[in-house]
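Chemist: Here is the input, now give the coordinates:
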Amino acid sequence: MSESAWKLSEIKVPKPSSETIKALYDDHIDRVKSAECADDVLEVIFENNILVRRVKEQIDIVNIRHAMDTLDERYAADQKWADEYGPVFDNLQLSFKEAVCDSPYRDVIEEQIGRMYFIKTEIKKRTVSEDIIPLRQREQELIDEYDNILFESKKTVAGKTNSFMDLQELFSHDDRNIRKEAFRAFSEVLSENEERLEKVWDELVKVRTQIANTLGYDSYVPVGYLERERLDYGREEVAKFRQQVVDEIVPLCNRLYEAQAKRLGIDAVMAYDENYVFPDGNAKPLGDAEFMMQQVIGMLREMSPETDEFITFILDHELIDYKPRPEKAFREFYTLLSYRKAPFMFEHFTGSAEDVQYLSEGLGHAFASYRACRKQPLDEYYFPSSEITEINAMSMIQFVNKYADRLFGEDAWKYEFGNLQYFMTFIPFGVAVDEFQHICYDNPNLTPKERTNEWHKLEQKYMPWRKYDDDDEFMKRGGYWYHKFHFFYVPLYYIEYALATVNAMEMYRKYIERPGTAWKEYLELIDVGGSKGYHEILKQANLTPVYEEGAVRNAIGYVKNFLEEHIK
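Modeler: Predicted coordinates for the structure are as follows:
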């Protein structure tokens with residue numbers, strides 16, 4: 001297979017020999033320590049970078065194939081190997097970087113490759129240790145257990161057997177009775193598995209607390225902040241942002257749902273009505289999954305020369321899986337095959353408007369990494385901090401609004417309004433998820449029922465419109481949070497979505513008012529990858545840190561006015 005003609009399905013993935021990789025790392029470390037000049041060290045850094053990209057790609061392909069077919073025992077066995085080897089590989093990489101940091105030529109090296117390489121290494125030194133490898137492996141086992149609980153869950157709604165993900169898609173169904181039935185089934189999946197979910201989450205919190213204690217921290221919160229590379233802001237800034245959401249966004253969301261209830265002719269929007277925006281139905285794509293894919297391809301070809309080049313690469317190498325299959329994992333994700341500089345998107349098309357949102361988000365992530373890995377010299381710089389990563393994705397979602405007529409015809413305006421309402425009302429949920437995680441990790445000895453009650457209180461604070469049926473006791477006491485896999489997969493991740501959504505609204509205003517300038521700033525945002533810090537990248541793209549006083553009000557101004565004009 002040639003370097004340019006490969007396809008994902010044809011890639012063979014032999015498991016790398018742990019002994020061989022260890023020997024290569026020993027050699028790299030010895031060469032750094034015995035280097036006679038900075039150029040010698042730089043040569044080893046770039047050689048090691050190729051090794052890193054190869055091993056990470058092998059692990060990522062294992063993850064992809066297991067997600068594509070969770071029922072194949074071969075892929076499950078490979079996944080078990082990847083889960084166990086990942087922490088070991090992280091420690092090898094840290095040992096190499098520590099040798100680079102200790103080099104007497106560090107100042108010259110930093111001039112050549114930038115300071116972020118060393119900043120990221122310092123973060124790793126504070127969050128990686130051989131002592132926590134067994135704990136990290138147990139953490140992954142618990143995550144897999146959570147995955148299996150929800151993947152195995154099936155419920156019948158309207159005479160059809162539905163996966164847990166399928167149930168959530170029905171929350172936008174035109175028939176209110178089906179929406180209600182689907183939400184009840186969704187609640188039953190969680191309540192019937194509550195004891196298992198409680199045990200998984202309780203142990204995860206305790207395992208992560210033990211990881212933090214082993215690393216020298218009182219709680220997992222500072223570890224999570226470091227893992228997310230939050231260097232430019234901390235708890236205080238996040239708290240200020242959450243308060244701005246309470247002051248500026250929650251009242252607007254209340255008005256949006258009051259208007260929605262009037263449109264739908266109901267007394268109040270129930271939890272199963274929130275995604276159903278219009279009395280004659282939400283915007284629906286004009287065709288099936290293949291139609292949507294072809295329209296999106298055409299949109300990207302028209303949007304810019306850069307996106308045209310990108311989508312051609314994706315299609316040539318089979319780097320998107322979007323068709324529904326029973327054996328697929330229930331989540332969407334994106335990753336980068338580092339050695340080939342090839343982004344991969346894992347989607348679930350169901351024929352709804354949400355498909356367009358999810359696909360647009362995946363395209364934003366993939367396009368950003370496609371550009372960054374071609375602009376940046378090292379794997380460490382292929383990805384920015386997660387807040388910037390999410391701005392990349394959320395902005396692309398908003399850019400697609402301009403092309404909604406291709407997918408929705410006369411209902412394009414409904415898609416844009418529904419899309420913008422969804423993201424505005426998402427922000428309070430996003431900050432609630434963040435505050436809940438702080439509560440759980442700050443108080444690891446809370447009982448499972450006490451944690452669930454904390455979520456109930458956060459719903460009242462950030463989502464006062466949220467209403468459940470009187471007989472749905474599980475949801476009424478706070479059970480909704482268990483379905484959000486981010487709690488289990490990526491601790492302390494979620495405030496990024498809320499921060500990024502606000503910045504994406506800021507970017508969208510620019511795209512409407514000055515599309516050429518906005519696109520140029522967007523390319524500057526994504527091309528920098530992880531070679532600069534959060535504030536530096538925001539400044540380069542002319543965006544605002546949204547936890548600053550008044551920043552939320554200013555950033556959401558255009559979208560807020562758009563939504564309020566429509567609900568009048």
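
Chemist: So for residue 553, what's the pLDDT?
Modeler: Model confidence at residue 553, given as pLDDT, is 96.

Chemist: Just the element for it, please.
Modeler: Assigning secondary structure by DSSP states H and E places residue 553 in helix 551-555.

Chemist: so how far is that helix off the chain centroid?
Modeler: Here the centre of helix 551-555 is set off from its chain's centre by 23 Å, with C-alpha atoms, centre = their mean, to the nearest Å.

Chemist: can you pull the buried residues of the helix or strand just after it?
Modeler: Per DSSP H and E, the first helix or strand lying C-terminal to helix 551-555 is helix 557-567. For helix 557-567, a neighbour-count test (16 or more other C-beta atoms under 10 Å) marks 558-560, 562-563 as buried. The C-beta positions use only the backbone N, C-alpha and C, and glycine is treated the same way.

Chemist: again, but for stretch 64-81
Modeler: For stretch 64-81, by 16+ other C-beta under 10 Å, it's 64-70, 75, 78-79.

Chemist: First-to-last residue distance for that stretch?
Modeler: In stretch 64-81, first residue to last residue: 14 Å (C-alpha to C-alpha, to the nearest Å).

Chemist: Out of the helices and strands in the chain, which is least certain?
Modeler: Within the chain, no helix or strand scores below helix 164-169, which has a mean of 87 by mean pLDDT, DSSP states H and E.

Chemist: List the buried residues for the next helix or strand after it?
Modeler: Downstream of helix 164-169, the first helix or strand assigned by DSSP H and E is helix 176-192. Residues of helix 176-192 classed as buried: 178-187, 189-191 (neighbour count, 16+ other C-beta under 10 Å).

Chemist: and of those residues, the nearest to residue 534?
Modeler: Distance ranking of the buried residues of helix 176-192 against residue 534, using C-beta to C-beta, places residue 190 first at 34.7 Å.

Chemist: Tell me where this protein has strands.
Modeler: Here the chain has its strands, by DSSP state E, at 154-157, 160-163, 320-321, 333-337, 342-346.

Chemist: How many residues are close by residue 466?
Modeler: Using other C-beta atoms under 10 Å, the number of residues around residue 466 comes to 18.

Chemist: Would you list the phi and psi of it?
Modeler: Backbone torsions for residue 466, taken as degrees, to the nearest 10, come to phi -70, psi 120.

Chemist: how about JSON lines for the strands of the chain, with distance to residue 41 added?
Modeler: Shown next, in JSON lines, are the strands of the chain (distance: least, C-beta to C-beta, whole Å):
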{"stretch": "strand 154-157", "distance to residue 41": "56"}
{"stretch": "strand 160-163", "distance to residue 41": "51"}
{"stretch": "strand 320-321", "distance to residue 41": "39"}
{"stretch": "strand 333-337", "distance to residue 41": "26"}
{"stretch": "strand 342-346", "distance to residue 41": "29"}
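
Chemist: quick one, which of the ones you listed is nearest to residue 264?
Modeler: Using C-beta to C-beta and comparing the strands of the chain, the one that lies nearest residue 264 is strand 154-157, at 20.5 Å.

Chemist: check contacts around residue 523.
Modeler: By C-beta atoms under 8 Å, 6 or more residues apart in numbering, the residues touching residue 523 are 306, 371.

Chemist: Out of the strands of the chain, which is the most enclosed?
Modeler: Ranked by mean neighbour count, these are led by strand 342-346 with a mean of 23 (mean count of other C-beta atoms under 10 Å).

Chemist: Looking at that strand now, give me its mean pLDDT.
Modeler: Averaging pLDDT along strand 342-346 yields 95.

Chemist: shaky segments in the stretch 51-200 of the chain?
Modeler: Across the stretch 51-200 of the chain, nothing is flagged by pLDDT under 70.

Chemist: cool, the chain as well?
Modeler: The model of the chain has pLDDT under 70 over residues 1-3.

Chemist: Next, the buried residues of the least confident helix or strand of the chain.
Modeler: Under the neighbour-count criterion of 16+ other C-beta under 10 Å, helix 164-169 has 164-169 buried.

Chemist: Packing partners of it?
Modeler: Judged by 3 or more C-beta pairs under 8 Å, 6 or more residues apart in numbering; DSSP states H and E, helix 164-169 is in contact with strand 154-157, helix 176-192.

Chemist: Just send the ones you listed back as a markdown table, with distance to residue 487 too.
Modeler: Compiled in a markdown table, the helices and strands packed on helix 164-169 are given as follows (distance: least, C-beta to C-beta, whole Å):
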| stretch | distance to residue 487 |
| --- | --- |
| strand 154-157 | 22 |
| helix 176-192 | 13 |
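
Chemist: for these, which one sits closest to residue 456?
Modeler: helix 176-192 (14.0 Å).

Chemist: Just the residues contacting the closest one, thanks.
Modeler: Identification of contacts with helix 176-192 by C-beta under 8 Å, 6+ apart yields 150, 153, 155-158, 162, 164, 167-168, 170-173, 197, 270-273, 276, 469, 472, 474-475, 479-480, 482-483.

Chemist: Ok, stretch 314-328 next?
Modeler: Residues from elsewhere that reach stretch 314-328, judged by C-beta under 8 Å, 6+ apart: 6-9, 64, 67-72, 163, 289, 293, 297, 313, 340, 342-350, 359, 362, 366.

Chemist: for it, which positions count as buried?
Modeler: Using 16+ other C-beta under 10 Å as the test for burial, stretch 314-328 gives 314, 317, 319-322, 328.

Chemist: And stretch 20-38, by the same measure?
Modeler: Within stretch 20-38, the residues that count as buried by 16+ other C-beta under 10 Å are 21, 24-25, 28-29, 31-32, 35, 38.
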